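Peer 1: Sequence first, predicted model second:
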Amino acid sequence: MVMALAVVLMALGSEGAGAQAAEQPSAKRKTSVKPSGSSESASPGKAAKAPSSSRARAAQKAAAKAGEGEKAPSAAKAQGASPAQGPAQQPAAEQPEKAPVQQRAAEQPEGPVPQPAAEQPEAAPVQPVPVQQRAAVQPGAQGAAAPRIFWQAQPPRRDEPPLPPRVRGDAGSAVAVALAIEAVWNPDPSYDLFAEDDVAARYVLWLGYDLLSLSPRLILAAELGAGLGSDEASSVYGNIDARLQTVNAYAGANLRYVPVAWLQQHIRVAAGAWFLDTEIEQAASWVEPRRFENDAVSPFASVGLGVTGRTPTRLFETRQGEFASVSLGLTVEAGYSFVPSASLSLPLPEDDDNDIQTRTPELGELSQSGPYIRTSLVMRF
Amino acid sequence: MAMARWNKRSELLPCMVLVSVFFLAACGERDEFFDHRLDLLAPMVVDEHLLFIERGEDRVHLLDLSTKALEPATTQLELPSNPLLWQPRNGEDNAELLLLCEAREQSQDEEREPPSLVLLNGTRVVRRYELESSFNGLIQSEDGRYAFLFFDDSADAPSTEVGLGKVDTKVAFIDLEASPKRGERQPSRVLDKCDECDGSPNGIFFSPVMRVAARERRLAAVLSDTHVWLLDLDNPEHSEITFEPRPEQESRPEQILFGHDASKEEVKTYVRAANSDDVYIVDLVPRLSAPEGGNDFEARDTARAAGQHPRDMALYKDGTASRLLVVSSGTLEAVVIDPDTSMDRTETPGSASWPVRISLGFAADSILYFEAGDPEEPSVREPRALLYNRSGSPSMAILDLKDVEHNKAENLEVIHLKRSFERLVSWDEERVLLLHSDTGLSVLNLAKRASTTVQTPFELEVIPDRKVNKLWLAPFDQSRLGYVDLSVSPSGDLLFDDGEVRLDAPIQQMVLSTDGARKRVVIVHESDIGHVTVLNANSPERDSAVTLKGFFLADVLERGE
């Protein structure tokens, strides 16, 4: 049976090689695996042996004589014929079976499609022998001896085309993209002017790239990220609303330890710029000015320890080896952000030579350092 | 098996995402300092500081106006407990403030605080007097030496909510010059009201230092609906003396004057009651023998007829003799009484008859006593009185009091103004301001007996400021501050220069700070974070003005827990 399968594959490969020549894979590195002896795609009952050319012609002739005046057998019956039956002409209703082969070639996915090394074009379907023909053949009934059928090849089932051989893609994932939510804790009393509690949320988008492997389990990666956070307090002193918005951009390094593929630990350090924007608004709408805005820029640094749980390797890999490197993971990191205190004041009104000389006070120092916990949904590929 | 492990891990995903959400939950609440509402009483100036007292809090904010470079920042003083009412201390040029503070009940976080009277200046609490009862009424002596505390049950009195009940049977006197010391008797005197003194006191009057029964002392007279209650402030161990003008009748004493003749060591107290046509003269004479714990003097009273419905009285000296001037609205007359003359009129040739009755032709209810010249002799300063009606009647009169018992109506000059007035303000020794209900004001020169009318552009409240000789015109919700300069020219006339300053925000209130070295006027604008404009009171100009904004938020980030 194995040899028959090999013959079939060789026949198919010769026919489909031209159609698939234009669908070479992309520059992505892939390795192709020749189909092994134990096929994963074909079931024992579906294997069909490709008859020789002379046999096919003989079978066609016999079928043409026996089938005159009789209805062509249904395609289902023809497909259900036992493999021991000899080659027979495919009824007229089953002619389009070639088309599925061509259709299968056209339906190959675009992009990097692994080309099996020894893919054979699919052989022409063997014509089934109608059972009724055998029953109508009686010795001596018509004088002419009907051919004795000892074996009849069974064509492949149309609803179960043979599966292509499995291809292993590159499971290495150097790139990481993540969306994170960061809970920052600021217990300093100065923060209470802008917040109802001591915890603020920040949303971070970060990109990572593995630079080099320091050891088989130790990987050094670079990281770029940006975060956006805001907080708000209302009814300060009864009639004042205060808002605070922070934007930070940073670059960092990540040292990751991978004892097993699905569980990784890391230490991360980062540094960047911290943009602060504050707004104090008086509730009374008839008071001018109603709103005071303030902004500041300062550097910042952070350090954190985390752990990542990710999906098993090749979980999303296709038979063609695609998406082998894709994995999803959840990273939880605890750390501390070091941000210099920002000196805030109420801004002076816009320059207007006609205004009375105005003086506004300093609000004091706003502390922004504090611990954080970051939870990231990471996709690596 | 691989799929089973994966399913188990996928269940962990939502749980681990929730880790961050958990920490987003309220973790540490905002400091309560930021939660309380900034509810302020009307600002006032004390000791060149603009004070904002927080209602319901134990805190006062002070904005320093004494420096050349004004800083937009306030300092805060902690008070013993909730301030209930405040008054500038009399006689101190607004250098000190009296604050009557409520008691504070004991709670889980705070100890009980007794009620107290606090004396503070622009920088600190000077003294604090603990009280035995919760009072909500405060009256000071004119010189600011004494404070009288009582329970005021009138409708517009501040209510004190502390305590299960309010005991209104006590009053208290506090000597504000004495310092309370720990372990020693407080310089205050708490008294039970007299049995006959129902309800809250109608008034209190403080005498000057008088020599009574060979001792220098000051007296306080507390008025109720039926009685006058005399207390010896310098001898608290002495019992009180009560005087009832009309026995068993509700006479409602309204006014008390103290007359003291040092040469004769005679002390007389003059009492006028709303429901009596008489004026009562109470002589305070020494007792021959003072009972133990009792007073060493006693009161002997006589009643003198003073027309119908006497409304005001004034005591003056005509030479060495004391005279009492009374205006009676019911009989449209002024009555001059010689307290040393008996009730019986004595008409003998060449002698005066008392009392002297002078018909005014209009109903006067107020007396302004002054000493000045007249149009014929402007340099001769003699006792005179301006008689007028507080309701603003355009008719008023000037009565020359010297030899009035002989000249009578000849000493009276009636003045008819062109318009009625709403308020009369004594400006200086010779001038009074008459503020009219419509736009404008008049200046009445009492010596020249002539008035000058000034038209002002809009209806407004005039704030006289004699420290800088200006009338300030600060209309509410307008962005212009007006003023009239009433400085005296070299010829002795008022300048009447008017001007105005355009501001950058509407006026909510104007406060004067002209008692100190730097004379400034402060315009308070509406704001939740503090907004004032400070101008030079001597020369108010836009170029020299300074606006301070947001001073309630100064160093707010440093004020937390």
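Peer 2: It's in. Numbering: from 1, shown residues only, chains lettered A, B, ... in the order given.
Peer 1: I figured B:E254 hits B:L223, correct?
Peer 2: Yes: between B:E254 and B:L223 there is a contact under Cβ atoms under 8 Å: 7.1 Å. Glycine gets a C-beta too; all of them are placed from N, C-alpha and C.
Peer 1: quick one: common contacting residues for those two?
Peer 2: By Cβ atoms under 8 Å, 6 or more residues apart in numbering or on different chains, B:E254 and B:L223 have these common neighbours: B:N202, B:G203.
Peer 1: Same drill for these two, tell me which one is more crowded.
Peer 2: More crowded of B:E254 and B:L223, by other Cβ atoms under 10 Å in any protein chain shown: B:L223, with 21 against 18.
Peer 1: can you give me the strands in chain A?
Peer 2: A:175-185, A:199-215, A:218-236, A:240-260, A:263-282, A:291-310, A:327-338, A:342-345, A:357-359, A:362-366, A:370-380 (DSSP state E).
Peer 1: Would you reformat those as JSON lines and include mean neighbour count?
Peer 2: Output for the strands of chain A, formatted as JSON lines (neighbours: other Cβ atoms under 10 Å in any protein chain shown):
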{"stretch": "strand A:175-185", "mean neighbour count": "20"}
{"stretch": "strand A:199-215", "mean neighbour count": "16"}
{"stretch": "strand A:218-236", "mean neighbour count": "17"}
{"stretch": "strand A:240-260", "mean neighbour count": "18"}
{"stretch": "strand A:263-282", "mean neighbour count": "18"}
{"stretch": "strand A:291-310", "mean neighbour count": "17"}
{"stretch": "strand A:327-338", "mean neighbour count": "19"}
{"stretch": "strand A:342-345", "mean neighbour count": "20"}
{"stretch": "strand A:357-359", "mean neighbour count": "16"}
{"stretch": "strand A:362-366", "mean neighbour count": "20"}
{"stretch": "strand A:370-380", "mean neighbour count": "20"}
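Peer 1: ok, now which ones touch the residue nearest to A:E362 when sequence neighbours are not counted?
Peer 2: In space, and not counting its chain neighbours, A:E362 is closest to A:S345: 4.6 Å by Cβ to Cβ, 6 or more residues apart in numbering or on different chains. For A:S345, the contact set (Cβ under 8 Å, 6+ apart) comprises A:N294, A:T360, A:P361, A:E362, A:L363.
Peer 1: Which one of the residues you listed is nearest to chain B?
Peer 2: A:P361 (3.5 Å; Cβ to the nearest Cβ).
Peer 1: my guess is that closest one contacts B:L553, does it?
Peer 2: Yes: with contact defined as Cβ under 8 Å, A:P361 counts as touching B:L553 (6.4 Å).
Peer 1: Which neighbours do those two have in common?
Peer 2: Common contacts of A:P361 and B:L553 (Cβ under 8 Å, 6+ apart): A:L346.
Peer 1: and the two? which has more neighbours close in?
Peer 2: B:L553 (30 against 22).
Peer 1: Compile the strands of chain A into a markdown table and extend it with columns for mean pLDDT.
Peer 2: Output for the strands of chain A, formatted as a markdown table (pLDDT from 0 to 100):
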| stretch | mean pLDDT |
| --- | --- |
| strand A:175-185 | 94 |
| strand A:199-215 | 93 |
| strand A:218-236 | 91 |
| strand A:240-260 | 92 |
| strand A:263-282 | 93 |
| strand A:291-310 | 92 |
| strand A:327-338 | 95 |
| strand A:342-345 | 88 |
| strand A:357-359 | 90 |
| strand A:362-366 | 89 |
| strand A:370-380 | 95 |
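Peer 1: what's the spacing between whatever residue of chain A ends up closest to chain B and B:L435?
Peer 2: Scanning chain A for the residue nearest chain B gives A:P189, at 2.1 Å (criterion: Cβ to the nearest Cβ). From A:P189 over to B:L435 the distance is 51 Å, taken as Cβ to Cβ, to the nearest Å.
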